[in-house]
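S.K.: Mind looking at a prediction? Sequence and model below.
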Amino acid sequence: MVNMTDSDEIRVPKKATISAISKLAGVGTATVDRVLNNRSHVGESTRQRVIQAKRAIEAGTSLGSRPRPWRLKVFLPGEAGPSTDLLAECLQDYGARGNATIECVFTKKLEPALLARKLHACAGQGVDAVAFQALEDPRVHGAVEGLAKLNIPTLTIMSGLEHPAPIGFIGINNRAAGRTAGYLMGRLTRQAGSVLVVTGGELYRVHEDREIGFRACLRQDFSHISEAIALNGHDDSEGNYQGVQQAFSQRDDIVGIYNVGGGHQGVVRALRDLGVANEVV
């Protein structure tokens with residue numbers, strides 16, 4: 001752990017580059033870029049901190065000494081939608097309010113080997129903790145074990161990890177979320193038939209838990225739903241579009257769709273193109 005009483009003099013670089021401003025302000029480079037280009041989704045305290053750092057660099061002055069910031073590195077899936085982008089901005093803004101540097105890194109989604117390499121690399125980067133959206137894969141488990149041996153805590157966000165070592169989790173009760181979706185599906189469907197369960201595959205534990213809760217609720221309380229058909233759209237809008245189109249070409253009893261993960265735009269587009277958007281729950 002970092003001794004928060006230790007102080008390091010903040011040396012002011014000569015040129016106000018994005019990297020230099022980021023280091024002095026204690027925020028990520030993406031946040032600096034947003035402030036300099038007057039983009040949204042940046043808190044006012046963070047914005048002022050970036051502006052002050054830029055002015056200090058240009059003036060050749062110092063912001064004085066302060067405790068070494070606590071460093072958290074966060075790995076999130078890229079191209080996962082605006083909610084994930086907003087989460088990254090909120091995390092960085094929260095860190096900037098205190099003495100913490102929260103760096104958010106977007107990685108290619110559903111690539112466990114890449115995520116594992118990124119986690120392993122944190123061992124030599126001076127981070128105090130690591131957070132990530134977990135993928136169920138032996139390589140990811142191995143990376144978590146490696147960080148644990150170095151006393152670097154790990155925390156999973158939104159989707160957890162089945163691991164013998166204690167790992168923190170921030171997110172909702174996904175089985176309860178699935179049961180809620182099942183209850184709504186059962187109540188809103190007006191005729192007997194089957195439903196599609198659109199998932200992103202087996203790598204996200206969150207998807208599995210929601211599907212389990214959904215199926216359990218239908219099985220227990222809504223016998224008019226004859227079958228819940230699994231469809232893997234790879235958490236992708238185009239994949240979901242193609243999958244829904246194919247499912248409807250093969251069956252004529254689909255009365256509802258539960259999209260467990262992302263890519264909902266593809267599901268909506270498919271229903272509209274099929275002319276059943278107002279008929280399917």
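M.R.: Nice, I can see it.
S.K.: Now do the SS call for Ser226.
M.R.: State at Ser226, reduced to three classes by DSSP: H, G, I helix; E, B strand; the rest coil: strand.
S.K.: List the residues that contact Gly263.
M.R.: By C-beta atoms under 8 Å, 6 or more residues apart in numbering, the contact list for Gly263 reads Val198, Gly200, Gly233, Asp235, Asp236, Ser237, Glu238, Gly239, Asn240. Where you see a C-beta, it was placed from the backbone N, CA and C, and this is true even at glycine.
S.K.: try 6 Å
M.R.: Gly233, Asp235, Asp236, Ser237, Asn240 (C-beta atoms under 6 Å, 6 or more residues apart in numbering).
S.K.: Reformat the residues you listed into a markdown table and put pLDDT and secondary structure next to each item.
M.R.: Putting the contacts of Gly263 into a markdown table (pLDDT from 0 to 100; DSSP: H, G, I helix; E, B strand; the rest coil) gives the following:
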| residue | pLDDT | secondary structure |
| --- | --- | --- |
| Gly233 | 92 | coil |
| Asp235 | 88 | coil |
| Asp236 | 89 | coil |
| Ser237 | 92 | helix |
| Asn240 | 96 | helix |
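S.K.: May I ask which of the residues you listed has the most neighbours?
M.R.: Asn240 (30 neighbours; other C-beta atoms under 10 Å).
S.K.: thought that one was touching Val268?
M.R.: No - using C-beta atoms under 6 Å, Asn240 is not in contact with Val268; the gap is 9.2 Å.
S.K.: Between the contacts of Gly263, which sits nearest Arg210?
M.R.: Nearest to Arg210 among these is Asp235, at 12.8 Å by C-beta to C-beta.
S.K.: which one is the closest one nearest to, not counting chain neighbours?
M.R.: Leaving out its chain neighbours, the residue that sits closest to Asp235 by C-beta to C-beta, 6 or more residues apart in numbering is Gly200, at 3.1 Å.
S.K.: what's the burial count for that neighbour?
M.R.: Gly200, neighbours per other C-beta under 10 Å, totals 24.
S.K.: just the one 10 residues further on next, same as before
M.R.: Here the count is done by other C-beta under 10 Å, and Arg210 has 28 residues near it.
S.K.: mind checking the backbone torsions on it?
M.R.: phi -70, psi -40 (degrees, to the nearest 10).
S.K.: Isn't it up against Val260?
M.R.: Yes - counting by C-beta under 6 Å, Val260 is a contact partner of Arg210 at 4.8 Å.
S.K.: intersection of neighbour lists for these two?
M.R.: With C-beta under 6 Å, 6+ apart, Arg210 and Val260 have no common neighbours.
S.K.: quick one on the thing from earlier: how about the contacts made by the residue nearest to Asp235?
M.R.: Gly200 touches His207, Asp235, Gly261, counting by C-beta under 6 Å, 6+ apart.
S.K.: what sits against Val105?
M.R.: Here Val105 is in contact with Phe75 (C-beta under 6 Å, 6+ apart).
S.K.: In a strand, it, correct?
M.R.: Yes - counting by three-state DSSP, Val105 falls inside a strand.
S.K.: beta partners for it?
M.R.: Phe75 (DSSP bridges).
S.K.: State the distance from it to Ile212.
M.R.: 30 Å (C-beta to C-beta, to the nearest Å).
S.K.: Same check on Asp253?
M.R.: Asp253 is 23 Å from Ile212, by C-beta to C-beta.
S.K.: my guess is Pro112 meets Gln133, correct?
M.R.: No - counting by C-beta under 6 Å, Pro112 stays clear of Gln133, with 11.4 Å between them.
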